[in-house]
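# After the sequence you'll find the predicted model.
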Amino acid sequence: MNATPYRLDPTGGCPHAANARLLAQGAVTPVVMPGEVAGMAVLGHDALRDFLAHPDVAKNAQHFTALSDGRIPDGWPLRTFATVHGMTTADDADHRRLRSLVSKAFTARRVEALRPRIETVTAGLLDRLAEAAARSGDAVADLRRHFALPLPLGVICELLGVEETYQDRLHHLSQQVVATDISPEAAMAANRELLEVLTTIAADRARHPGDDLVSALIAARDEGGDRLSQPELIGTMVLLIIAGHETTLNLLTNAVRALCAHRDQLGHLRAGRADWSDVVEETLRWDSPVSYFPFRYPTRDLTVGGTLIPKGTPVLAGYSAAGRDTKAHGPDADRFDITRVPAAKHLSLGHGPHYCLGAPLARMEATIALEALFTRFPDLDLAVPKEDLARHASFVGNSVRTLPVRLGGQGVS
């Protein structure tokens with residue numbers, strides 16, 4: 001294990017160089033989070049896989065010793081990850097109850113039924129991307145803003161029954177919630193406003209129910225009993241809004257960056273040596289949309305990867321590190337290769353009972369979007385050097401803030 005705690009940079013940045021240094025010393029490392037809060041991060045692929053599925057690892061913040069002792073202030077930027085009411089902070093029967101209320105919307109059959117709608121939305125967004133590039137005068141547009149963001153955000157909001165007028169605000173507030181460099185005052189204000197907006201949306205769906213997930217959750221709440229409380233309703237909406245678009249947004253952005261930087265991989269696609277699902281899986285492994293995800297807590301002193309993690313420690317899942325662990329992926333783990341054999345294995349969508357419920361939807365959205373994008377704009381490339389792309393101000397999300405691309409001659413209106 002690393003003897004010196006790794007001080008996580010609240011401003012984010014590219015995680016891979018630091019991950020490689022830490023992995024060379026061990027699969028688990030002590031970390032210092034904002035506010036001098038001590039924790040641990042599990043970085044090695046095998047250690048993380050085992051930790052995520054371990055029966056003595058909990059998600060409920062009642063097991064977070066420093067929080068229970070009153071040592072975590074209200075404005076701590078990571079507090080929402082611990083205290084939001086929903087699937088991500090529930091264990092055992094409570095987790096199964098909450099997950100069952102949402103899972104029907106994400107079955108393979110339900111997701112597949114969304115394919116025509118996703119294809120239609122994708123085509124419309126490609127038109128808007130071309131229009132934005134044409135307005136710029138040099139065929140350059142921000143792909144993240146005009147394509148990678150509105151696709152997953154629009155789809156999840158449609159599923160939930162959230163009107164389009166709320167979408168920009170919800171994305172802004174989501175980014176505030178996952179930011180790790182935010183001030184205590186701004187963090188509390190963002191969380192307060194997010195809860196207010198979602199409460200307003202829920203009240204509107206209660207008055208005008210429809211064939212959407214929020215209406216179904218409200219019906220479960222109003223049936224009485226212990227199926228769903230009001231805080232759990234709002235907490236579930238927080239989870240679905242944020243996880244339902246931020247992860248896929250980063251996945252699409254990172255995949256386009258990777259393909260532009262590795263033009264030979266586009267050749268593999270055109271020659272039929274790989275398909276677009278291979279691009280999605282390799283991107284998830286090589287440049288995970290989430291770098292360090294909070295939190296899990298051992299319910300007893302636990303040895304992971306040869307390192308003792310004391311009971312009640314807040315533990316981060318180091319997905320971006322696990323994706324390039326040479327012990328799991330071979331000596332060329334830091335190479336982007338969509339023809340990798342064996343095919344990319346990764347933990348970027350989780351593992352165990354908290355495996356990402358929206359994984360099939362994220363995979364479908366990304367596969368459809370990437371194929372349509374590079375079919376329409378086969379010469380698409382970055383409009384600035386990759387080193388000039390500003391990173392997210394977060395060590396949770398792993399991507400860049402903008403992605404200026406030059407579309408090339410074909411398909412630009």
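Looks like it arrived, so ask away. Owing to the predicted nature of the structure, the values given are computational and were not obtained by experimental measurement.
# Next, residue 341: phi, psi?
Per-residue torsions, residue 341: phi -130, psi 120 (degrees, to the nearest 10).
# actually residue 383, not the one I typed
Here is the backbone geometry of residue 383 (degrees, to the nearest 10): phi -90, psi -10.
# residues in contact with the closest residue to residue 353 other than its chain neighbours?
Distances taken as Cβ to Cβ, 6 or more residues apart in numbering place residue 95 nearest to residue 353, at 6.5 Å, with adjacent residues excluded. No exception for glycine: its C-beta is placed from N, CA and C like everyone else's. Shown in contact with residue 95 (Cβ atoms under 8 Å, 6 or more residues apart in numbering): 59, 87, 353-354.
# cool, and residue 62?
residue 68.
# so how far is residue 197 from residue 61?
Distance, residue 61 to residue 197, by Cβ to Cβ, to the nearest Å: 23 Å.
# go on, residue 355?
28 Å.
# related to what we said a few turns ago, using TSV, lay out the contacts of residue 95 together with distance to residue 245 and secondary structure.
Listed next are the contacts of residue 95 as TSV, based on distance: Cβ to Cβ, whole Å; DSSP: H, G, I helix; E, B strand; the rest coil:
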residue	distance to residue 245	secondary structure
59	22	coil
87	17	helix
353	23	helix
354	19	helix
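# a markdown table for those, including pLDDT and neighbour count?
Compiled in a markdown table, these are given as follows (pLDDT from 0 to 100; neighbours: other Cβ atoms under 10 Å):
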| residue | pLDDT | neighbour count |
| --- | --- | --- |
| 59 | 97 | 21 |
| 87 | 91 | 26 |
| 353 | 94 | 16 |
| 354 | 94 | 20 |
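# okay if I get those residues as CSV plus distance to residue 205?
What follows is these, written out as CSV (distance: Cβ to Cβ, whole Å):
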residue, distance to residue 205
59, 27
87, 19
353, 28
354, 26
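# So if I had to pick from residue 355 and residue 197, which one is more boxed in?
A side-by-side neighbour count of residue 355 and residue 197, using other Cβ atoms under 10 Å, places residue 197 first with 17 against 12.
# Thought residue 173 was touching the more buried one, still the case?
Yes - Residue 197 is in contact with residue 173 according to Cβ atoms under 8 Å; the separation is 6.9 Å.
# so which helix or strand takes in the spatially most central residue of the chain?
The chain has residue 247 as the residue nearest its centroid, 2.8 Å off, counting by Cα atoms, centre = their mean. Per DSSP states H and E: residue 247 is located in helix 230-261.
# Mind checking what helix or strand follows that helix in sequence?
Remark: after helix 230-261, the chain's next helix or strand is helix 263-270, criterion DSSP H and E.
# Name the residues of that next one that are buried.
Residues of helix 263-270 classed as buried under the neighbour-count rule (16 or more other Cβ atoms under 10 Å) are 265-266, 268-269.
# swap in stretch 69-78?
Under the neighbour-count criterion of 16+ other Cβ under 10 Å, stretch 69-78 has 72, 75-78 buried.
# likewise stretch 161-176?
Within stretch 161-176, the residues that count as buried by 16+ other Cβ under 10 Å are 161-162, 166-167, 170-171, 173-176.
# swap in stretch 199-218?
201-202, 205, 212-218.
# How about stretch 127-146?
Of the residues in stretch 127-146, 129-130, 132-133, 139-144, 146 count as buried by neighbour count, 16+ other Cβ under 10 Å.
# any idea how far residue 67 lies from residue 95?
For residue 67 relative to residue 95 (Cβ to Cβ), the value is 19 Å.
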